[in-house]
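Chemist: coordinates only, sequence not included:
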């Protein structure tokens with residue numbers, strides 16, 4: 001399937017569109033759409049747009065990045081829950097490090 005840089009319109013994947021898409025085409029479009037969401041989520045995170053990144057990481061079930069995003073938003077219980085779902089030692093270490101840094105800053109702020 002040929003890919004362009006132009007966004008896909010709703011009409012392209014609509015079940016009532018004149019052009020019938022096969023199940024394989026729909027699956028490819030879904031996978032492509034999920035990859036785009038992942039890339040947009042990474043850009044949002046890099047630009048400190050954590051609320052947007054949270055929604056997108058949750059949508060694509062990227063629990064490792066969601067956990068880190070939630071720490072930046074101050075949603076610590078959600079970060080722990082997401083780290084648990086990520087089931088990754090690296091994620092746990094990163095969450096623990098960020099929480100330690102935030103606690104250190106909070107203690108020295110007072």
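Modeler: Okay, I see it. These numbers were taken from a predicted model, which means no experiment stands behind them.
Chemist: Tell me where the protein has helices.
Modeler: For the chain, helices defined by DSSP state H occupy the ranges 10-13, 23-46, 50-59, 63-73, 76-86, 89-109.
Chemist: any idea which of those helices scores lowest on pLDDT?
Modeler: Among those, helix 10-13 carries the lowest mean pLDDT, a mean of 46.
Chemist: re the thing from before, highest average neighbour count across the helices of the chain?
Modeler: helix 63-73 (a mean of 22; mean count of other C-beta atoms under 10 Å). Using the backbone N, CA and C atoms, a C-beta is placed for each residue, glycine as well.
Chemist: Give me the residues contacting that one.
Modeler: By C-beta atoms under 8 Å, 6 or more residues apart in numbering, the residues outside helix 63-73 that reach it are 41-42, 45, 48, 50-51, 53-54, 57-58, 76, 78-80, 82-83, 85-86, 88, 90-91, 94-95, 98-99, 102.
Chemist: same check, this time on stretch 37-54
Modeler: Stretch 37-54 has contacts (C-beta under 8 Å, 6+ apart) with 56, 57, 59, 60, 62, 65, 66, 68, 69, 70, 72, 73.
Chemist: Mind doing that once more with 10 Å?
Modeler: Residues outside stretch 37-54 that contact it (C-beta atoms under 10 Å, 6 or more residues apart in numbering): 55-62, 65-66, 68-75, 78, 82.
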